[in-house]
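Sequence and predicted structure below; questions after.
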Amino acid sequence: MQLDKAELQILGNAEEIARVAADEFVRYALEVVGMRGLLTVALSGGSTPIKLYSLLASGADSFLTRVPWDKIHFFWGDERHVPPDHSDSNYRMVYEAMLSKVPVPLENVHRIKAENPDAGKAAGDYERVLYEFFQSVTIQLPHLDLVLLGMGPDGHTASLFPGTNAILEQKHYVVANWVQKFNTYRITLTLPVLNNAAYVIFLVTGEEKAEALRFVLQGKYQPERFPAQLIRPINGSILWLVDQAAARLLELNG
Ligand code: 6PG
């Protein structure tokens, strides 16, 4: 189903989403690496993508051998303000599900160093990592080939939560975003970088996301309430991979 500048695929369940996402990841990675010799991807945190990461690292459908691991540079879309060995760490989640099992060179893994007690410094550090890697000049933003995103039941994505300062950031690539409901900082990529991506894939599952998904995809444009609506790549495309439970409130009139 085509939305304006986005494609929506409704699949049976989380396992099907992981498989379709894994196939698409391999297809796109081989295409981009074939053209440019490398792929840059910002990974999503949370629980939904764990199945995808595990599948890519598995022998199933020979994903493990089809992915050009040594040509991929991994970044994170956001990180919790915790050390990398903390149970909440997105880096730890990705490491355990995938990076610990695949032949990706250490220098290709660019984690957010969220162990820094000063969240602002952690964000500044990561902004420098992006700047240096992409060798951006002031007028040019980091250009990620692929961004994987999830969406919360409140319509947040990455760590762009409703009513928080980060959704307004137009200058910095990375910020420390105070999230009152969790009483903590999150370090997150900002819209200038996310909307400079060539390709965004959302993975959304579960009936608890259904109401937000209907608002985000088919409701009034209210980005303060539903930050996922802010993801509109300027010269890129979006693929929404959602399961039937999350899609149950969508108007699907052909
Ligand atoms: C995070 C993610 C966040 C996540 C959504 C959905 O750090 O948790 O960046 O944006 O994608 O909260 O989370 P689930 O996949 O766990 O539902």
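The structure has been received and is ready for your questions. Numbers count the residues shown, from 1 in each chain.

what's the distance between the residue lying closest to G155 once chain neighbours are set aside and F161?
Spatially, and ignoring its direct neighbours in sequence, G155 is nearest to F226 (3.4 Å; CB to CB, 6 or more residues apart in numbering). Bear in mind the C-beta positions are built from the backbone N, C-alpha and C, glycine included. The spacing between F226 and F161, counted by CB to CB, to the nearest Å, is 11 Å.

shared neighbours, the two?
Applying CB atoms under 8 Å, 6 or more residues apart in numbering, one finds that no residue jointly contacts F226 and F161.

Kindly provide the distance from the residue nearest to G155 to W240.
In terms of CB to CB, F226 sits 14 Å off from W240.

same check, this time on V102
V102 is 26 Å from W240, where distance means CB to CB.

And those two? Which one has more around it.
W240 (24 against 16; other CB atoms under 10 Å).

check contacts around the residue of the stretch 151-254 of the chain found nearest the ligand.
Using CB to the nearest ligand atom, the point where the stretch 151-254 of the chain gets nearest to the ligand is G152, with a distance of 3.8 Å. Contact partners of G152, counting by CB under 8 Å, 6+ apart, are 46, 161, 209, 212.

List phi and psi for the second one.
The main-chain torsion angles of F161 are listed as degrees, to the nearest 10 and equal phi -90, psi 150.

so what's it closest to, chain neighbours aside?
That would be V179: by CB to CB, 6+ apart, it lies 5.2 Å from F161.

tell me which parts of the stretch 151-254 of the chain are close to the ligand?
Contact residues (CB under 6 Å from any ligand atom) of the stretch 151-254 of the chain with the ligand: 151-152, 156-159.

whoops, the stretch 1-150 of the chain was the one
44-48, 77-78, 90, 150.

ok, the closest residue to the ligand within the stretch 101-250 of the chain - contacts?
Nearest residue of the stretch 101-250 of the chain to the ligand: G150, at 2.3 Å (CB to the nearest ligand atom). By CB under 8 Å, 6+ apart, the residues touching G150 are 44-46, 48-49, 157, 202-204.

What is the helix or strand where Q9 lies packed up against?
Remark: Q9 resides in strand 6-11, with elements defined by DSSP states H and E. When contacts are defined as 3 or more CB pairs under 8 Å, 6 or more residues apart in numbering; DSSP states H and E, strand 6-11 sits against helix 14-36, strand 237-243.

Buried residues in stretch 125-141, which are they?
125-127, 129-131, 134, 136, 141 (16 or more other CB atoms under 10 Å).

With secondary structure added, can I get these in CSV?
Converted to CSV, the buried residues of stretch 125-141 look like this (DSSP: H, G, I helix; E, B strand; the rest coil):
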residue, secondary structure
D125, helix
Y126, helix
E127, helix
V129, helix
L130, helix
Y131, helix
F134, helix
S136, coil
L141, coil
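
Looking at those residues, which two lie furthest apart in space?
D125 and L141 (17.9 Å; CB to CB).

still on that earlier bit, quick one: the helices and strands packed on strand 6-11 as JSON lines, columns for mean pLDDT too.
As requested, the helices and strands packed on strand 6-11 are exported to JSON lines (pLDDT from 0 to 100):
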{"stretch": "helix 14-36", "mean pLDDT": "97"}
{"stretch": "strand 237-243", "mean pLDDT": "98"}
